[in-house]
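# kindly return the folded structure for what I paste below:
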Amino acid sequence: SSGTMSMWQNIFAVKIEEMHVTDPWTLLEDDALQVQACKPGWKEFMPRRALGRFQCSQCFYNWSSAKVHIVFHMYHGPGWGTVWMRIFRQKCRRCPNSRLEDPQFSPDTVETILHNLVIKILQYFYKKPVQPSDLLEVVVDGPVTGPHDRAHCEACELGICNRSQRAPALDAWKPLMGEDKARMHSSKPWLAWRRKRGLKEATGTQRAQQAVFACCLQLCWQMKEKVLLKEGQLT
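Model prediction:
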């Protein structure tokens, strides 16, 4: 669910390798994960926002939201690590008995969120120094209008939307200046971050695999957006 879990896992594996995390890490989904309820030894990361797109499974109405919430719980064992992820859903406002629907995300949004996740892994478990500017902002790259529909948001029902506004300072987005502004508006902001850190580029084989994977995902996403824009349902 949630925009194909395999996409998240594949991009996460690439991020772990690119950012030189020495241990193998796995990313799994848990729809029952609770916010601010980590087990001993676990750490939590909750991005401030993400742009997601939804489709009702009953009437097929489409809508978008810039306030899709995601929570990650991370644990580092001896020589391995695991991350559990929960993506909070939304309901269709047109159907009287609507169901909670999973959002879909663009590949760029997934890449940015997972970049930030690996930054937090390096900070929490490998004692790497992290600055607020190391966290990339999830750019809202589509037209989103109107207030947040709290009545149909799973995170709002659980009181999570309000909680996320009181996140620690390190997770807060700050005004962008100079180099950071250019980096955030780059189509591939994580590459600028890697160059800034002096990290090695991926090998030729890795780049080819990533390019094919990203191209297919981006093509599917662009076709989806054209349909939504034509129907006038991307708001």
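# strands of this structure, start to end?
25-29, 43-45, 52-55, 62-65, 70-77, 80-87, 90-91, 100-101 (DSSP state E).
# how about these in CSV, adding mean neighbour count and mean pLDDT?
Where C-beta positions appear, they are placed from N, C-alpha and C, glycine not excepted. Shown next, in CSV, are those (neighbours: other Cβ atoms under 10 Å; pLDDT from 0 to 100):
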stretch, mean neighbour count, mean pLDDT
strand 25-29, 17, 97
strand 43-45, 18, 95
strand 52-55, 22, 92
strand 62-65, 21, 91
strand 70-77, 20, 96
strand 80-87, 20, 96
strand 90-91, 22, 92
strand 100-101, 19, 93
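# present the ones you listed as JSON lines; the columns should include distance to Thr112.
Below are these laid out as JSON lines (distance: least, Cβ to Cβ, whole Å):
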{"stretch": "strand 25-29", "distance to Thr112": "15"}
{"stretch": "strand 43-45", "distance to Thr112": "13"}
{"stretch": "strand 52-55", "distance to Thr112": "13"}
{"stretch": "strand 62-65", "distance to Thr112": "17"}
{"stretch": "strand 70-77", "distance to Thr112": "12"}
{"stretch": "strand 80-87", "distance to Thr112": "15"}
{"stretch": "strand 90-91", "distance to Thr112": "21"}
{"stretch": "strand 100-101", "distance to Thr112": "22"}
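# do you know which of those lies nearest Val35?
Across those, Val35 has its closest neighbour in strand 70-77 (5.2 Å, Cβ to Cβ).
# residues in contact with that closest one: which ones?
23, 30, 33, 35, 38-39, 41-47, 50, 81-88, 113, 117, 120-121, 124-125, 160 (Cβ atoms under 8 Å, 6 or more residues apart in numbering).
# closest to Ala13 out of the strands of the chain?
Ala13 lies closest, by Cβ to Cβ, to one member of these: strand 25-29, at 8.0 Å.
# touching the closest one from outside, list them.
For strand 25-29, contacts defined as Cβ under 8 Å, 6+ apart pick out 1-2, 5, 8-9, 12, 16, 80-87, 121.
# Tyr61 reaches Cys92, doesn't it?
Yes: with contacts counted by Cβ atoms under 8 Å, Tyr61 reaches Cys92, the gap being 5.5 Å.
# pLDDT weak spots in the chain?
Within the chain, the segments meeting pLDDT under 70 span 1-3, 140-149, 162-235.
# can you pull out the helices in it?
Ranges of helices in the chain, per DSSP state H, are 5-18, 107-126, 154-157, 160-164, 178-184, 189-197, 204-231.
# packing partners of the first one?
Same thing as helix 5-18. strand 25-29, helix 107-126, helix 204-231 (3 or more Cβ pairs under 8 Å, 6 or more residues apart in numbering; DSSP states H and E).
# rewinding a little: looking at Tyr61 and Cys92, which is more packed in?
Counting neighbours by other Cβ atoms under 10 Å for Tyr61 and for Cys92 shows that Cys92 has the greater number, 23 against 16.
# name all residues that make contact with that one.
So Cys92 contacts 54, 56, 58-59, 61, 63, 98-99, 101, 152 (Cβ under 8 Å, 6+ apart).
# for it, give me phi and psi.
Per-residue torsions, Cys92: phi -70, psi 130 (degrees, to the nearest 10).
# name the nearest residue to it, ignoring sequence neighbours.
Counting by Cβ to Cβ, 6 or more residues apart in numbering, the nearest residue to Cys92 once its immediate chain neighbours are dropped is Cys56, at 3.6 Å.
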